[in-house]
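Participant: build me a model from this:
(one chain, ligands or ions: 1)
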Amino acid sequence: MFSSRINMINTLWFISFIGMAITGFFPLILGNTTLNGWWMILHVSIAPLFSILLAIGALHCAKKMGIDFKDAPESKLSRIIFWFFLFLFIPNALSILFSMNTWFVSSTQYVFLEVHFYSAIGMLLLVVLHFNFSRKNKG
Ligand code: HEM
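Facilitator: Below you'll find the predicted structure:
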């Protein structure tokens, strides 16, 4: 019962992450310079769901991954991927928060937007790496 709930949370988290990636990158691929219109509405509407599911999933997985790298059951690479992903979420979320208020001059806000963009690329690559790695582990 508990594990099926966790599986459901992980699946929903993954779907919301894909939603974030599509609504974030797709408009840029289509030629827009920034997010606007429905892309922006969708992106920021999925964001709270994504963040809550990430927090729940991370709390559960942190136990499995172990902060102590010595005696955790998972392989070293998957633990590095996991912790690095969580670490990247900090600049990803804070940068967009800081880019959207007037605490900083507009050139700094622009740098924050770049941080959001590059940390998003990093997170996407880590997710791809994770799935590639776990597929290879299954044989
Ligand atoms: C806490 C979660 C997040 C929030 C609140 C958020 C919010 C936003 C907002 C408001 C923008 C528009 C910024 C602008 O054009 O001025 C944006 C842009 C973007 N977001 Fe997110 N986002 C989050 C997480 C993510 C994630 C997880 C990804 C992808 C994995 C992502 C990818 C992008 C991309 C690629 C852009 C376009 C950046 C650019 O125009 O250079 N975001 N985000």
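Participant: which parts of the chain sit against the ligand?
Facilitator: Within the chain, the positions adjacent to the ligand are 20-21, 24-25, 28, 34-35, 40, 43-44, 47, 50-51, 92-93, 96, 113, 116-117, 120, 123-124 by CB under 6 Å from any ligand atom. Glycine gets a C-beta too; all of them are placed from N, C-alpha and C.
Participant: point me to the residue of this structure nearest the ligand.
Facilitator: For the chain, the residue closest to the ligand is Gly24, as judged by CB to the nearest ligand atom, at 2.6 Å.
Participant: test my guess that that residue contacts Ala120.
Facilitator: Yes. With contacts counted by CB atoms under 8 Å, Gly24 reaches Ala120, the gap being 5.7 Å.
Participant: so which elements touch the longest helix seen in the chain?
Facilitator: If each helix of the chain is counted by residues according to DSSP state H, the longest one is helix 106-138. Under the contact definition 3 or more CB pairs under 8 Å, 6 or more residues apart in numbering; DSSP states H and E, helix 106-138 sits against helix 2-29, helix 76-99.
Participant: how about Pro91, nearest residue that isn't a chain neighbour?
Facilitator: Nearest residue to Pro91 in three dimensions, chain neighbours excluded: Ser119, at 4.8 Å (CB to CB, 6 or more residues apart in numbering).
Participant: spatially nearest residue to the residue positioned nearest the centre of the chain (excluding sequence neighbours)?
Facilitator: A centroid search over the chain (CA atoms, centre = their mean) returns Met123, at 5.2 Å, as the residue closest to the centre. Using CB to CB, 6+ apart and skipping the chain neighbours, the partner closest in space to Met123 is Leu88 (5.2 Å).
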